[in-house]
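[1] Provide a 3D model corresponding to the input given below.
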Amino acid sequence: MADIASPIKTLGAFPAVDPTVAAIGTADQIADGETKVSMTVEERESLAGIAVSAVRPDVGFVPVFRDEPFAFVAAVDASLKPVLGSDLKGDLIAPPTDPNINLPAGKIPVFADENVLSAEQVDGTYRVIFGVAIDGTLITQLAVVTIAPIFLDEPWLVADVDAAMGVISGVMKDGTPYPRAAIPEQVWMPYIDAAGNVAVLSETRSVRVAKPQGTLRSAAAISAGGIVSWADDQGGARPELRKFNVSGFASVPSAITRLVMIPQMGQSNGIGSGGCPSVTRTPVRPGRAFMFNGGARVVQGDATLNNWEQGSANNNGQLRSILDRQILTLTDLFEADVLVSAQSNWYGETSLSGAAWSMTPTLASNIGLLMATFAIGGASLSQQMPGSAMYKNVIRAVERAKALCDMAGIVLEVPAVLWNQGEADRNGNTETYRTNWRALQAALTTDINAITGGVGEVVIVFDQNASWTQSRATGDLPAAQLAEAIANPTKFQVVMPQYILSYRTDGIHTDNVSIRKRGEYEGRALGKIRAAQQAATPLTAITGGALIVTGVVAEGAALTISTSAASQLVIDTTAVADPGQYGPRVFDASGNEITLSAIAISGSSQIAATLASPLTAGVSYWLGVADKGAVGAKAGPTTGPRSCFRDSSTDVGSDGAPLFNWASVQQFQIQ
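    Okay, here's the model as predicted:
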């Protein structure tokens, strides 16, 4: 029988299918190759039950009866009557308004083979991303689904699949179980080791699964499906059900022998706030770039408690913890849209797929890449320090990735953490921020290396936000972040200033295309940073490719600015509108500015300018670059604080557009 499953893309775009290609008959008749045009009621009911069990949330099915007037069905009601699909003429069958169909408003019908009681939200391909399972537990984005295919060309009797329909584990039609090929069949016994960790033991080895959060509240047990369960309480009164899947690495190709993990911390721009519709709707680097089964945003939001934002909707600002069911398995990385109805806010593209697109080609073919963001909207630096929920989430996910790698017998490496934060601290003391930031980086290095066995620094790799003009004129914090990276390049690396990106109408959150573009910049920098680490090459302030000022000389009225440009420096007023003086300014400690004129490129990497008056001896002056804008201005290349200076990098993004390096937000002391 031909493969008759076809992906759903958008409503009204269902494929026209010749109904004669479908097999007809009862299950036994299909298996025997027999068909017939009509059936008894009993036969129809028997086959209907099997047909429903074949429906996949993201591909739908083609009816197997010749006397059915449908070409393709995406959803059926409780009586198996199609309510979403296309007829034989190709016309759309939309959900009916007939009250007898009993379809509650806002819900999508689910099928007998799913463990779903109700579905509140689905993505663009009708995957359930928020709902309630039959056992009453919450289903969050990209939950694992068990299906029982009926198509004769399918090799599976039953299988657990991820959101991309990749088989995680299952049983083939010949009765052969399907684990990851590189993992021999073993019987695992959970136990508590001498250090109090939850571990699993086989005849040949043992693997540490997790260090309990708080007090261990139960013994560990394992199900027939290989799910290890136990309870701990994170130091609180309410126990948490913990889980670990001994086959969680099953969908990763056996050729992968090393996994590089890049966690991301930060605020709303780190989780795709407003980044809809998602750009990367299919796996960005199949078989090479991965995410946890909970999705790129590991800490899931839902319809009542917005886990990605601060405020009264989320326990009065208390950040929430990830659940083990969100980090049970690995699957190919892609992006999905989720509506959090509590705040009517859409979450879409994160920068992770763009980063994976750029970074993966820099890795050897046996190295996989695991990306995960733990950012939460509105989170200040203090809410991401050791002991915070976000910090614990990162450490738990690294611990889980290590356990999955240990089960598969491969190496885990965490060379860096992406950082997309600063808006919440833009009005704070920059020296306090730098002190706390250093403490965070040191703690991440210590705690992550304790898990992975690493010995080098875990580098914080960051972008500079450009939306501070919402409340102030100068970007002292982004400039201070760069100053920290220049002072400690082995611990902090800057990627890019965000003023070159396009923003949504709020002037704070970048749009979906720019989120993807930002990720491609981040991935390029991550690839360079890791390559230097692997080669034991000392990191410098520009290892990641950032364009910064490296020196300023004032002689009378002449000002010469040296930069790190590795290719021809350019003044570009097409991509970035001139904010005045192309972005640089000279100012003293009181904020008094000296006007610049005759600004031009000198050589390949220098800028020449004329001061309206010579600098006064004994007075401190700074050169500010892209560090000042009008209070109330929205961020962006034509409205916010910005600079027109860039290099001529020949790197290009996935859309073919160049990835120029633009002048970083900087405050460089002249004298």
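
[2] Got the domain ranges for the protein?
    When the chain is parsed with automatic domain parsing, its domains come out as 19-178, 189-240, 254-534, 549-669.

[3] which regions of the stretch 101-250 of the chain lie under the pLDDT threshold?
    101-186, 235-238 (pLDDT under 70).

[4] ok, 90 please
    Judged by pLDDT under 90, the stretch 101-250 of the chain has its weakly predicted residues at 101-188, 202-205, 212-219, 223-226, 232-241, 250.

[5] and if you look at the stretch 251-400 of the chain?
    Across the stretch 251-400 of the chain, the ranges flagged by pLDDT under 90 are 251, 273-277, 294, 298-326, 336-348, 376-378, 389.

[6] In it, what residue spans correspond to helices?
    In the stretch 251-400 of the chain, the helices defined using DSSP state H, counting those that start in this stretch lie at 352-359, 389-408.

[7] Of all the ones you listed, which one comes closest to residue 278?
    Of all these, it is helix 352-359 that lies closest to residue 278, at 8.5 Å by C-beta to C-beta. For every residue, glycine as well, the C-beta is placed using N, CA and C.

[8] can you list contacts of the closest one?
    With contacts defined as C-beta atoms under 8 Å, 6 or more residues apart in numbering, helix 352-359 is touched by 262, 264, 279-280, 284-285, 288-289, 291, 296, 333-335, 369, 371-373, 418, 515-524, 526-527, 530, 653-654.

[9] what does stretch 537-551 give?
    459, 461, 482, 485-486, 489-490, 493-496, 524-526, 528-529, 532-533, 561-566, 623, 625, 645-647, 649, 661-664, 666, 668.

[10] Can you report how many residues neighbour residue 577?
    12 (other C-beta atoms under 10 Å).

[11] Now do residue 197 against residue 271, distance only.
    Distance, residue 197 to residue 271, by C-beta to C-beta, to the nearest Å: 31 Å.

[12] Correction: the previous question concerned residue 409.
    Residue 409 is 33 Å from residue 271, by C-beta to C-beta.

[13] between these two, who's got more neighbours?
    Each of residue 409 and residue 271 has its neighbours counted (other C-beta under 10 Å); residue 271 has more, 29 against 13.

[14] residue contacts, the more buried one?
    Applying C-beta under 8 Å, 6+ apart to residue 271 gives the contacts 297, 308, 347, 350, 373, 375, 376, 377.

[15] The fifth one pairs with what?
    Right, the one you point to is residue 373. residue 264, residue 297 (DSSP bridges).

[16] picking up where we left off before, just the buried subset of the contacts of stretch 537-551, please.
    Buried members of the contacts of stretch 537-551, counted by 16 or more other C-beta atoms under 10 Å: 459, 461, 482, 485-486, 489-490, 493-496, 524-526, 528-529, 532-533, 561-565, 623, 625, 645-647, 649, 661-664, 666, 668.

[17] what bridges to the residue nearest to residue 661 when sequence neighbours are not counted?
    Distance criterion C-beta to C-beta, 6 or more residues apart in numbering; nearest residue to residue 661, sequence neighbours excluded, is residue 547 at 4.2 Å. For residue 547, the beta-bridge partners under DSSP bridges are residue 663.
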